[in-house]
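**Student:** Build me a structure from this.
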Amino acid sequence: MQLIRPPMGWNSFDCYGVSANEAQVKANADFMAENLKDFGWEYIVVDVEWYSYTNQPQPDGQIFVPFGRMEVDDYSRACPCLQKYPSAAAGAGFGPLASYVHGLGLKFGIHMMRGIPRIAAHSHSKLWNTEITADQIADPYSICEWNPDMYGVDPTKPGAQEYYDSVMELYSEWGVDFIKCDDICRSDAEKVRAELEMIHQAIEKCSRDIVLSIAPGPAPIEECDFYRVNAESWRISDAFWDSWDNLRRMFDVCKNWQGKASDDGFPDCDMLPIGRIGIGFGDDRRTNFTIDEEKTLLTLWSIFRSPLMIGSDLTKLDQETLNLLTNVSALRLTEVSTGAREAYRDHDVIVWRARDRYDDAEYIAIFNISGGSTSICPKPFVSKKDGLAIDLWKNAEINIRSTEDIPGHGCLLIRVE
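**Tutor:** Now for the predicted structure:
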């Protein structure tokens, strides 16, 4: 499935962890429809453990419970936990919630773990439309190191592809438009690669267009072509959270992957832990990022053409962050940026440059990675010396020959026509 821009939307994890429920998802969807949809935001994604009755971190801080209670249908497929998603009763699954989201003019997505529920294998549950049982395709030696809900699926066993076909057809019937598939991206194990191919083939067979995003990272860059064939986006970093050290490190990650984003697939820098986050982790707080750091985050992700998935409780979004998320001039780079590359770097400044795929305008992103304000003249980094220059975050014309004050950890994003 080819996209003209990476997915833009909201994901429940940074805010709600494993505790996201139907009312919260609907509230965030309502907010997006009213305040963000017109600016390109369209996906509402329910992240991990929607099938689990675990709804808060354990005393040891872990959020995944080995052999915890989970919903599984008669054919070994995870289904929504009824305590969290009551509309899933009577076999409806995510169908009613997806219909609600679609009714707002948005798209609906879910998280899935690679593999088959361990409880299905232990209970010898059937697979849809076969005489094969879950234990016959499960690989008990292939278990996610951080979430033990699933066994891997052995691709050499009869019924393996049929299992994934049945999962994707079920998701299609629910109305799923986007899947974040976890525990599959950073491994180069042959069987894990084969599971990704099976998932991709199952999506190709099902009756709905579904975008596939794979995680976690860091993805090995030498596998880029393989990912591009089998997914629409792939994580290039480990879990990204709200510290300057993490954001500073992403400049190195993006430099390593520069030139790899295209309409055939997008390297994914991970979610946007901005606004208000942490509710499901017992830490309801505003992000540790300053507004200037949020702007830097959005600028780097956009010029690089990473997917943009907001991690906050949208209903508690502060006005300054909302202003950033509704700046079409800046976020439009996710679609139009081409050839984005790091053009300059020293101890205090990093500069990225790109072209507009439609009109050949030039984009220059100047990042102040130092802790203090600095004055920078954009002219040395601009090739179109006499064009009209617009500061895209302020939507105001600037003179590229004059110096601009950039706050610590802040940035300047310019379009030169």
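**Student:** shouldn't Leu247 be in contact with Leu298?
**Tutor:** No - using CB atoms under 8 Å, Leu247 is not in contact with Leu298, being 10.9 Å away. For the C-beta atoms, the positions are set from N, CA and C on the backbone; glycine is no exception.
**Student:** higher neighbour count, those two?
**Tutor:** Legend: neighbour count by other CB atoms under 10 Å for Leu247 and Leu298, higher for Leu298 (25 against 22).
**Student:** Can you tell me what sits against whichever helix or strand the more buried one is part of?
**Tutor:** Here Leu298, judged by DSSP states H and E, is contained in helix 291-304. The contact list for helix 291-304 (CB atoms under 8 Å, 6 or more residues apart in numbering) reads 244, 247, 250-251, 254, 257-258, 261, 267, 269, 272, 274, 287, 289, 308, 320-321, 324-325, 330-334, 337, 340, 352, 354, 363, 365, 367, 393, 407-411, 413.
**Student:** Looking at those, which are in strands?
**Tutor:** 267, 308, 337, 340, 352, 354, 363, 365, 367, 411, 413 (DSSP state E).
**Student:** how many other residues sit next to the second one?
**Tutor:** Read that as Leu308. A count of nearby residues for Leu308, using other CB under 10 Å, gives 25.
**Student:** Read off the pLDDT value for it.
**Tutor:** As predicted, Leu308 sits at a pLDDT of 98.
**Student:** how close does it sit to Leu331?
**Tutor:** Applying CB to CB, to the nearest Å, the value for Leu308 to Leu331 is 7 Å.
**Student:** and for these two, which residues touch both?
**Tutor:** Joint contacts of Leu308 and Leu331 (CB under 8 Å, 6+ apart) are 8, 298, 302.
**Student:** thinking again about what came up before, which of the contacts of helix 291-304 are buried, as a PyMOL select command?
**Tutor:** The PyMOL selection below is limited to those of these classed as buried (16 or more other CB atoms under 10 Å):
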select buried, resi 244+247+250+251+254+257+258+261+267+269+272+274+287+289+308+321+324+325+330+331+332+333+334+337+340+352+354+363+365+367+393+407+408+409+410+411+413
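**Student:** Show me which of the shared contacts of Leu308 and Leu331 is closest to Leu196.
**Tutor:** Met8 (23.7 Å; CB to CB).
**Student:** Pull up the gap between the closest one and Asp188, please.
**Tutor:** If you go by CB to CB, the gap between Met8 and Asp188 works out to 30 Å.
**Student:** what about the two, which has more around it?
**Tutor:** Ranked by neighbour count (other CB under 10 Å), Met8 and Asp188 place Met8 first, with 20 against 11.
**Student:** mind listing what the closest residue to the more buried one other than its chain neighbours touches?
**Tutor:** Once flanking residues are discounted, Met8 sits nearest to Leu308: 4.6 Å by CB to CB, 6 or more residues apart in numbering. Each residue near Leu308 by CB under 8 Å, 6+ apart is listed here: 6-9, 41, 272, 298, 301-302, 331, 334.
**Student:** mind listing the helices for the stretch 51-200 of the chain?
**Tutor:** Counting by DSSP state H, counting those that start in this stretch, the segments of the stretch 51-200 of the chain that form helices are 95-103, 118-122, 134-137, 160-174, 190-205.
**Student:** What's the local residue count around Thr290?
**Tutor:** A count of neighbours around Thr290, defined by other CB under 10 Å, yields 15.
**Student:** wouldn't it be in contact with Cys411 here?
**Tutor:** No - with contact defined as CB under 8 Å, Thr290 does not reach Cys411; the gap is 12.0 Å.
**Student:** State the pLDDT value of the closest residue to His124 other than its chain neighbours.
**Tutor:** Once flanking residues are discounted, His124 sits nearest to Thr133: 4.5 Å by CB to CB, 6+ apart. The model reports Thr133 with a pLDDT of 98.
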